[in-house]
Every structure is written in C-alpha cells, then in structure tokens.
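J.: Structure for the following, please:
(one chain, ligands or ions: 2)
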Amino acid sequence: MEILKHLKGLKLSGMAKTIEARNKYAIENNLSYLDFISLLLQDEYSNRASNSYLKRLRLSKLDPSKSLDTFDFNFQPKINKKLILDLQALRFVQEKENIIFMGNPGVGKTHLANALGLEALKKGYKVKMICLSDMLSMLLTAKGDGSYHKSFKELISLDLLIIDEIGFKKIPQETVDEFFEIVKRRHENGSIIITTNRLFEDWVKIFGDQVLASAIIDRLVHYCHIIKILGPSYRMKNMKNKIN
Ligand code: ADP
Ligand code: MG
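T.: Ligands and ions are numbered 1, 2, ... in the order given. Model (predicted):
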C-alpha cells in the first residue's frame, strides 16, 4: 500500500501499525474523516510513548518484573507497607531525599529499590540502577579511556540513582573518592536509593577510611528514609518449597 510506504518514510510507525484496522472500523462505524484522523493520531502518540518508555527502561537497567505489584508484603510483615506506598508517590524524588534499605540478604531490598525505580521511570524521571562495584569499575575504566567526564555527568544528572549492594565487597581504595564525589554532588541535587546488608558501623570496613566513610554517611542520611528490613530471606522460602 502506497500510504504505508509514506507513513513509514515519515516515521509514523504507530499510524502504520493500525491504519488497516482503523480504516475497517471507520467504515463500519461511519466515522467522519476528522474522527478517523484523530484516532490514528492517538495511535501514533501512544506508540511513541510506549517506545520511549521501553527505551528508558532499557537504559535504566531496572528489572520490569520486580515491581510493587509482584512484592508480597505478607511474606515480610515487619516492612511498613504504608511507608513504602507513601514513597510510591515519589515525593522523595521531588524533594531530592535518599532511601537506604538495610537488611540481611534475601529480605527484598533490591526488589523494593527496583520497584520504586520503576515508579519513578513511569512518571518520566531519569533513573538508573547499578551495583556499587559495577559503578566504580565503570568510572575507573572511564578514567582510562577518556570518557570519565561523560560517565560522571550522567550519574550526577539522574533524578534517581539506585546503588545496589553496598557491603558485599570491600571498595578498592582508589575508588572510594569517586563514590564520595558522587554522593557529595548528588547531595540536595538528586535522590539516591542504596541497598546494603551492613550496618553503618561496618561501612568503615567497606570503605577502609574512617573520615571518608563518615563524610559519605553524613551526606546520605541528611535527608533520608532509613528502612531496616527484619525478617526471613525470600530465597530460603523458595528453597524450602523445592525441598518439600
Ligand atoms: P536482597 O536485595 O535483600 O538480598 P532481593 O530483593 O534480591 O533481596 O530478593 C531476593 C529474591 O526474592 C528476588 O528474586 C526478589 O524478587 C524476591 N523477593 C524478595 N522478597 C520478596 C517478597 N516479599 N515478595 C516477592 N518476591 C520477593
Ligand atoms: Mg540485593
């Protein structure tokens, strides 16, 4: 069809996808020309919106399956569900506040951080999730290949940066400064969500430097919701199911 070629040439793929069905519908329902065009334009808009969401989702590195809908609050009754649902309204992103999820492995820290990230992404915020060791090695590599400025700027300019897994590995000394710089630059400028399986007392060991560890914690907790999750590991639950 000539018209399809033109639509594709003009990058109106949303209209191209639905034109046949819309044409049939218009004939069957006696639509006016304007109503027909209006439907096609709506299709183009929604196609673009969903493409843009999918692209932003890919870039954010968030997992679309770990949402608030798939989180079982009954399994972890000590979590203050009301507080989590309150955070879902994303005032913390607007107010540039931080969240720290603290707790043993498997209690759902990463899942909840990811879920709040998805909410922010849906609202149009710029979000990225990255685990701490990956973020620091990315910055270290960037220093070597000259892309440091770009990578650093990206991490600073996000509305919400989710840093996963502080505590599994000791941070290499040459990168502690990088982490401090990011926390310092985002302080009062953009939200950070952190997940950690360590108490603040242990952060000194992770960062290997008392002064820097205190400076990092000081800025992070200045405007911060600290959510300690006490309870069993969800991974163990699955294991039990498999054994039985
Ligand atoms: P943590 O980051 O605290 O170590 P995760 O959030 O990675 O734990 O959770 C481990 C696994 O269990 C993930 O696959 C996660 O989706 C799942 N999970 C954890 N808690 C829940 C929950 N309450 N409801 C549904 N899935 C959960
Ligand atoms: Mg985790």
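
J.: could you list every residue that touches the residue most central in space within the chain?
T.: Of all residues in the chain, the one closest to the mean position by CA atoms, centre = their mean is Gly117, 3.2 Å from it. Shown in contact with Gly117 (CB atoms under 8 Å, 6 or more residues apart in numbering): 60, 62, 127, 129, 160, 162, 193. The C-beta positions use only the backbone N, C-alpha and C, and glycine is treated the same way.

J.: Next, format those residues as CSV and append pLDDT.
T.: Below are the contacts of Gly117 laid out as CSV (pLDDT from 0 to 100):
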residue, pLDDT
Ser60, 98
Leu62, 98
Val127, 98
Met129, 98
Leu160, 98
Ile162, 98
Ile193, 98
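
J.: Which ones among those map onto strands?
T.: 127, 129, 160, 162, 193 (DSSP state E).

J.: one step back: for the helix or strand containing the residue nearest to the centre of the chain, the averaged confidence score.
T.: Assigned by DSSP states H and E, Gly117 falls within helix 109-122. For helix 109-122, the mean per-residue pLDDT is 98.

J.: what's the longest helix in this protein?
T.: In the chain, taking DSSP state H as the definition, the longest helix is helix 33-60.

J.: And that helix, what does it pack against?
T.: Where contact means 3 or more CB pairs under 8 Å, 6 or more residues apart in numbering; DSSP states H and E, helix 33-60 is packed against helix 13-28, helix 109-122, strand 127-131.

J.: want to try JSON lines for these, with distance to Tyr234 as columns?
T.: Formatted as JSON lines, the helices and strands packed on helix 33-60 follow (distance: least, CB to CB, whole Å):
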{"stretch": "helix 13-28", "distance to Tyr234": "39"}
{"stretch": "helix 109-122", "distance to Tyr234": "8"}
{"stretch": "strand 127-131", "distance to Tyr234": "19"}
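
J.: one step back: does the helix holding Gly117 reach ligand 1?
T.: Yes. Judged by CB under 6 Å from any ligand atom, helix 109-122 comes into contact with ligand 1 at 109-111.

J.: how far away is the residue nearest to the centre of the chain from His187?
T.: Distance from Gly117 to His187, counting by CB to CB, to the nearest Å: 20 Å.

J.: lowest-confidence helix or strand of the protein?
T.: helix 234-243 (a mean of 72; mean pLDDT, DSSP states H and E).
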